[in-house]
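Structural data only, the sequence is not supplied:
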């Protein structure tokens, strides 16, 4: 019963939203280039599935690569920041600056530097993911109870051991919160990169179909993008569940995914 | 109730009367949305404003810059502006997609498309494109596809890089692509001026017209609803604008026209030379072989049929749009 309600409510909500969408288009006779009806978009998705797949895979690749780079570089930097006060003073201004630069503004520069390949897209995804990963990891590592650290230190634990055995595990919930934000932003980053210069990817498909006023294809690409973002978010959530089953957010049943 | 409605009737009747015999000082406020930031072919509209041609016609025209023909067409489709200036190919494409738009005054009657490459590695004929890369903005890609199709160049032999408008010329200048596709009378002439000043390398233009492709270019269009509601306003607007085209198509007025447009649009001063060159290159394109002998702004069925045919050949539309749905000459002054 409970499970049924859990999945039924969002399902009903989505169905109602799609029905409303269809009704709106029908009643106001909205032309295709503004907002195509859902059945038109669905038909287009079926017809152009190979195209959407080809471009989707390309975009997914830059999303995943950039996101992985964000974790691979962001997490060690967060550790360094927590371990050393001077490291924090050195890194923080650059981190904040890197975040305040509008990615849309530097994307054209990255294309000029790195060319049209997949590199500038990965670079933008990385830049956009990096900050939430670092910040949430730093906050997580720092928010461990000091009593616990004192205890381990009193028992002869080294700084490295404290880091790995005490700080890191207790930081995981915060880190995953950051990863979840980052993975959604990553999709945005990949599209920004493709908007500036590309010959494939969903961003390219969006641009060219908008250019030819092909509303159904625009929306088909958007839906694939949404599906990609939601799936990536769900995967990160699943990994989180497996990694920290002990955390309070995971033990509460029926807790909404974004609340952790 | 009866008195109220009668009063309302009287008031609206008075309103209509006031419209018909509107005093000269109560000018109609009209918005004109251009396609881009200042380009040479915008000069007539600034000239008409500065010279008081619009004011004489009882119009207060607010000239606004644009961010691409596609956006201007969308704004007009949503009636966010009264009058638009955009590439007619985009407008026609919008009409095919259900937008209620109509061209009322042709300006650049020959689209003047070209592939622009570096003069030291020129792309002189369609075959030269094989193995090369071409930067294109998203909305110009269809024109590139058409050029390749008509010249029997396999699309997979040419790398089309879709770029944002702001990036296109930069990636070309920095050598990230071999060439780009554009309308000649726009920003490519900025590159020509920069080359003349020794700032960049010279460029080579492969004009589509030399290979049999000359679609419609920029012109004035409106929403069908505006056309039905304010035909008189449009007639006055076109009359004043055509007057301005007549004035500055003469070489003697070009300097002054450039000055006026630079001042009114607030364009950066270093663009002056290229704006001038853009207008000089526009003048021979104000008429085609099919519109010779007609007043500026007049459009011909033949030219529109070519444009229609191009849209069909590029697969942008399924069947030709009836020409009467695309344009009308009824607002163009006959003398």
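Happy to help now that I have it. All values reported here derive from a predicted model rather than from experimental measurement.

Enumerate the residues of the stretch 1-150 of chain B near chain A.
Along the stretch 1-150 of chain B, the residues adjacent to chain A under the rule CB under 8 Å from any CB of the partner chain are B:70, B:93-94, B:97-99, B:133, B:135, B:137-142. Every residue, glycine included, has its C-beta placed from N, CA and C.

Filter those down to the buried ones and express that as a ChimeraX selection.
Selecting only the buried entries of the residues of the stretch 1-150 of chain B next to chain A in ChimeraX, with 16 or more other CB atoms under 10 Å in any protein chain shown as the criterion:
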select /B:70,93,94,97,99,133,135,137,138,139,140,141,142
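
between the residues of the stretch 1-150 of chain B next to chain A, which is closest to residue A:118?
residue B:133 (15.6 Å; CB to CB).

I'd like to check which residues are in contact with the closest one.
Residues counted as contacts of residue B:133 (CB atoms under 8 Å, 6 or more residues apart in numbering or on different chains) are A:116, B:158, B:159, B:160, B:161, B:177, B:178, B:179.

could these be laid out in CSV, adding pLDDT?
Compiled in CSV, those are given as follows (pLDDT from 0 to 100):
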residue, pLDDT
A:116, 85
B:158, 95
B:159, 92
B:160, 92
B:161, 92
B:177, 93
B:178, 95
B:179, 96
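
Just name the closest of those residues to residue A:65, please.
Closest to residue A:65, out of all of the contacts of residue B:133 and judged by CB to CB, is residue A:116, at 16.4 Å.

picking up where we left off before, same list (the contacts of residue B:133) but as JSON lines, adding neighbour count, distance to residue A:43 and secondary structure.
Shown next, in JSON lines, are those (neighbours: other CB atoms under 10 Å in any protein chain shown; distance: CB to CB, whole Å; DSSP: H, G, I helix; E, B strand; the rest coil):
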{"residue": "A:116", "neighbour count": "21", "distance to residue A:43": "32", "secondary structure": "coil"}
{"residue": "B:158", "neighbour count": "21", "distance to residue A:43": "31", "secondary structure": "coil"}
{"residue": "B:159", "neighbour count": "16", "distance to residue A:43": "31", "secondary structure": "strand"}
{"residue": "B:160", "neighbour count": "20", "distance to residue A:43": "27", "secondary structure": "strand"}
{"residue": "B:161", "neighbour count": "24", "distance to residue A:43": "30", "secondary structure": "strand"}
{"residue": "B:177", "neighbour count": "23", "distance to residue A:43": "36", "secondary structure": "coil"}
{"residue": "B:178", "neighbour count": "22", "distance to residue A:43": "39", "secondary structure": "coil"}
{"residue": "B:179", "neighbour count": "25", "distance to residue A:43": "37", "secondary structure": "strand"}
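
which residues in the stretch 101-250 of chain B form helices?
Secondary structure of the stretch 101-250 of chain B by DSSP state H, counting those that start in this stretch: the helices cover B:141-150, B:165-173, B:188-196, B:224-229, B:231-248.

Compare these and give me the one nearest residue A:148.
Across the helices of the stretch 101-250 of chain B, closest to residue A:148 is helix B:165-173 (CB to CB), at 51.9 Å.

buried ones in that closest one?
B:165, B:167, B:168, B:169, B:170, B:171, B:172, B:173.

average model confidence for stretch A:118-131?
For stretch A:118-131, the mean pLDDT works out to 94.

Off-centre distance for it?
12 Å (CA atoms, centre = their mean, to the nearest Å).

Which residues does that stretch contact?
A:58, A:61-63, A:65-67, A:69-71, A:73-74, A:95, A:98-99, A:103, A:106-107, A:110-111, A:113-114, A:182-183, A:185-186, A:188-190, A:192-194, A:196-198, A:201.

of those, buried ones?
Buried among the contacts of stretch A:118-131 (16+ other CB under 10 Å): A:58, A:62-63, A:65-67, A:69-71, A:74, A:95, A:103, A:106-107, A:110-111, A:114, A:182-183, A:185-186, A:188-190, A:192-194, A:196-198, A:201.

Of the residues you listed, which ones also sit close to chain B?
Filtering the buried ones among the contacts of stretch A:118-131 for neighbours of chain B using CB under 8 Å from any CB leaves A:111, A:196, A:197, A:198.
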